[in-house]
Structures are given as C-alpha cells and as structure tokens.
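Visitor: Please find the sequence and the predicted model below.
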Amino acid sequence: MKLWITGADGLLGSAMVKACDELGLSFVGSTDVDIRDERAMQAFADEHGPTHLINCAGYTAVDKAEEEQELAYAVNCDAVEKMGRLRVKVVHFSTDYVFDGMRETPYTEEDMPNPLSVYGKSKLGGEQRLLEVAPGSCVIRISWLFDNRAPCFLTKMQELVSSGKPVKVVTDQVGRPSYANDVANATLQLLDQSGIWHFANYGAVSRHAWIQSVTGQEIGKALSADFASLAKRPAYSVLSTEKIEQFGVSIRPWQKCVF
Ligand SMILES: NC(=O)c1ccc[n+]([C@@H]2O[C@H](COP(=O)([O-])OP(=O)(O)OC[C@H]3O[C@@H](n4cnc5c(N)ncnc54)[C@H](OP(=O)(O)O)[C@@H]3O)[C@@H](O)[C@H]2O)c1
C-alpha cells in the first residue's frame, strides 16, 4: 500500500502527512501537482505508483468562491472527477456545507444535500461526479476543521482575542468541530471503504460558544446577518457520526483535543 496525499501542505494535508509518518506508512505528498491537470496527475501516479489517492487539496475560500465560481468548480468538482479516472482508489473530503442547515437534528449520510453557497455546491458536485465515475471511492464529509497549531478559523480567533481587539463571533451557526489529526487517523481506518461517511468530533456547539470555551474569555455575540459575508452558511450543520462509529472508529469530544 502506498498513499498519495494531495494538498500536503494544507491544514488537513499536513495532519495526514503527520499521521502517516507516525504510523510508518508508505506515502508521497504533493504540493505542486495541479489537480486540475489530468495529465500531470497521471504522470505523478505513473511515477510513484500509489494505491490510494487521499485528496486533501481543495478550493476552500468559502466567501471568495462566490466571486470565483469557475475556479471553485474546477478544483472542487472537475478535478475530483479526473481523480476518479486515474485507476487509483480515491479518498476524498467533503463538507457539512452541502446541507442547508434548516433542520435541528444531525445530518446523516442519507439526508438530502441542498447547499447554500457556491463552495457547498462545488463540493457536492465533486462528491457526486467522483462516485459516478469511480463508485468504489470513499468520500468523508467533515465540518469546522481545526488544528491549534495551524492557520484556521479557531487560531485566527485566538490571535484576535490575544491581541486585545474586540471580537464578536456568531451564535447562529451550530456545528461539530473536527480536529485535523483525528480526521487523519479516522481516514486511515476507512482506506478500504466506499461511499459517503461523516466524521466530526463530539460536541455540537455554536461558533461563539466554541471560541469562548477555547479562549476562556468572554466573547462578544453576533448574528450571521451582522457580517457582510458573500456566502450563506448553514445555521445548523451538525453531522451525525453514527455510521462511522458503528464501523468502529472512536470519536472524542473536541474539548479533549490539544489546545
Ligand atoms: N477547513 C474546513 O473547515 C473544512 C471543513 C469541511 C471540509 N473541508 C474540506 O477538507 C479538505 C481540506 O481542507 P483544508 O482546510 O485542509 O484546506 P486548505 O488548508 O485550504 O488546503 C488546501 C490545499 O489544496 C491545495 N490546492 C488548491 N488548489 C489546488 C490545485 N488546483 N491543485 C493542487 N492543489 C491545490 C492548496 O495549495 P495552495 O495553498 O498552494 O493553494 C492547499 O495545500 C477540502 O476538501 C475542504 O473542502 C474543510
């Protein structure tokens, strides 16, 4: 077995590299193979002979995607379909933003997606096109990815709070934070699986309560409508992780992840 990790210098890609290193797995990371270029991907696959492609690359700028629709679709959708044609087992990541967040109970893998944003639509397109061309692929939906030692929403908020500037965080977006290292370790347990899976750490929480809990500081409250964000985000995007837990992956609360 040999893993190919795309986007190896991103938030999740770095955690994936670290997990493989720690377990002594055979892997190769790529940072300069443009996943929109099918020939470049094929050449890399021919050179390194991976058995699995773990796709940690993606267009992840949720607001900017509203203005860069073509690029978001090229990276999150078209490129993922191209991966499906490489004759390598693909493990791909998607997002809670495929759901509209209109309900109040956790979303299962069976629930109907209805993305509100270009980012969410491009990610849903990627899942669907990949599973059409390569039904044996594995798609792992994750939510609110964080790593306390890497740039992400959480560390951005921590920096703002420690700079002493007034910080306001929304109370009307509820989800389950996913610790990048835990996502990476869960992924390694799903290498031989196919179809859609949900992973997130335990503890549904609002963005406001999450940041307040992690920083231990009183944080100002805001509503999504108070910010002039380009993209709409789901109000409630809690993923159900029943399927992955029944499979045998154990999940800890986000509060137990290193802070
Ligand atoms: N972050 C979250 O909260 C979150 C939540 C749910 C799901 N996800 C999903 O999880 C996955 C990983 O997200 P992340 O937060 O780790 O992303 P990230 O930190 O933004 O990293 C994305 C990586 O993709 C690379 N990339 C972008 N366009 C590329 C292209 N055309 N060819 C090759 N590489 C390209 C980037 O390289 P450059 O830096 O050089 O552009 C970067 O290394 C994505 O599929 C994302 O949709 C993330």
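Guide: Structure received.
Visitor: For residue 143, which residues are in contact?
Guide: By Cβ atoms under 8 Å, 6 or more residues apart in numbering, the contact set of residue 143 is 95, 96, 175, 176, 177, 178, 200, 237, 238, 239. In short, each C-beta sits where N, CA and C put it, glycine included.
Visitor: Among those residues, which one sits closest to the ligand?
Guide: residue 95 (3.7 Å; Cβ to the nearest ligand atom).
Visitor: I figured the closest one hits residue 123, correct?
Guide: Yes - the criterion here is Cβ atoms under 8 Å, and residue 95 meets it with residue 123 at 5.0 Å.
Visitor: Close to the ligand: what parts of the stretch 151-259 of the chain are there?
Guide: Residues of the stretch 151-259 of the chain lying close to the ligand (Cβ under 6 Å from any ligand atom): none.
Visitor: show me what contacts residue 215?
Guide: Contacts of residue 215 (Cβ under 8 Å, 6+ apart): 157, 158, 161, 162.
Visitor: What's the ChimeraX line that selects buried ones from these?
Guide: If you want just the buried ones from those in ChimeraX, going by 16 or more other Cβ atoms under 10 Å, the selection is:
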select :157,158,161
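Visitor: For the stretch 151-259 of the chain, which residue gets nearest to the ligand?
Guide: For the stretch 151-259 of the chain, Cβ to the nearest ligand atom, closest residue to the ligand: residue 152, 6.3 Å.
Visitor: Find the residue closest to that residue in space, skipping its chain neighbours.
Guide: residue 146 (4.9 Å; Cβ to Cβ, 6 or more residues apart in numbering).
Visitor: hang on, isn't that neighbour packed against residue 175?
Guide: No - if you go by Cβ under 8 Å, residue 146 and residue 175 don't touch, sitting 11.1 Å apart.
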